[in-house]
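Colleague: give me the fold of what follows.
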Amino acid sequence: MQCPSCQHTDSRVLESRAADSGRSVRRRRECLNCEFRFTTYERVETVPITVVKRNSTRETFNRAKLLHGVLRACEKTGLEPSRLEVVVDEIELQLQQRSGREVTSGEIGELVLQQLSDMSEVAYVRFASVYRQFQGVSDFVATLEGLHKRGGGRLREKPSLAAIS
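Modeller: From the prediction side, this is the model:
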């Protein structure tokens, strides 16, 4: 490992520990030439996943972008951000374990909705409204009725949704 201070290639490891939920190793090092201390991270190199968007454009999977969308859907729902990071980690792991390197944005959206349906019906509906591009109240009602029929989330008995619309 090359020292960032003097570019000497010999260093010794002072400390190693798991980082990023066990997905990487953090190492504190000391240069044997100038005694400068620095930190390195070691992680498994993964093959990039390509996301095929609705308009057929392709882009590299961006974990931060997915996390941002999930966090936005879950604002003020009481769900812990650390729990949402675990959800995104699980989705990313599922994508990495697939045999193909391309995935549609729709498939990613459905994976998120599967996770959110058990966590918070509010977050589920918020995410679905953006992901499925709701056009009006009827889209919300249909989604809520679907959640209710599946017994998803923690929906409580309320007056019929049909009576509301």
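
Colleague: and Gly106, what is it in contact with?
Modeller: Arg54 (Cβ atoms under 8 Å, 6 or more residues apart in numbering). (Each C-beta comes from the backbone N, C-alpha and C, glycine too.)

Colleague: same thing but 10 Å
Modeller: Val52, Lys53, Arg54, Tyr131, Arg132 (Cβ atoms under 10 Å, 6 or more residues apart in numbering).

Colleague: mind jotting down where the strands sit in this structure?
Modeller: 11-19, 24-31, 37-43, 50-52, 58-60, 102-104 (DSSP state E).

Colleague: where does the protein dip in pLDDT?
Modeller: 151-165 (pLDDT under 70).

Colleague: so what would you say the end-to-end distance of stretch 42-52 is?
Modeller: Its start and end residues considered, stretch 42-52 measures 29 Å (Cα to Cα, to the nearest Å).

Colleague: how many neighbours does the closest residue to Ala128 other than its chain neighbours have?
Modeller: The shortest distance from Ala128 to any non-neighbouring residue, by Cβ to Cβ, 6 or more residues apart in numbering, is to Thr143 (5.3 Å). Thr143 has 19 neighbouring residues, counting by other Cβ atoms under 10 Å.

Colleague: tell me if I'm right that Thr143 and Arg132 touch.
Modeller: Yes: between Thr143 and Arg132 there is a contact at 7.6 Å, judged by Cβ atoms under 10 Å.

Colleague: quick check: neighbours shared by these two?
Modeller: Joint contacts of Thr143 and Arg132 (Cβ under 10 Å, 6+ apart) are Leu113.

Colleague: report the contact partners of Cys6.
Modeller: Applying Cβ under 10 Å, 6+ apart, the residues near Cys6 are Cys31, Asn33, Cys34, Glu35, Phe36.

Colleague: measure the second one to Leu66 for me?
Modeller: As judged by Cβ to Cβ, to the nearest Å, Asn33 and Leu66 stand 42 Å apart.

Colleague: got the domain boundaries for the protein?
Modeller: The chain breaks down into these domains under automatic domain parsing: 11-43, 50-134.

Colleague: deepest-packed of those, please.
Modeller: domain 50-134 (a mean of 15; mean count of other Cβ atoms under 10 Å).
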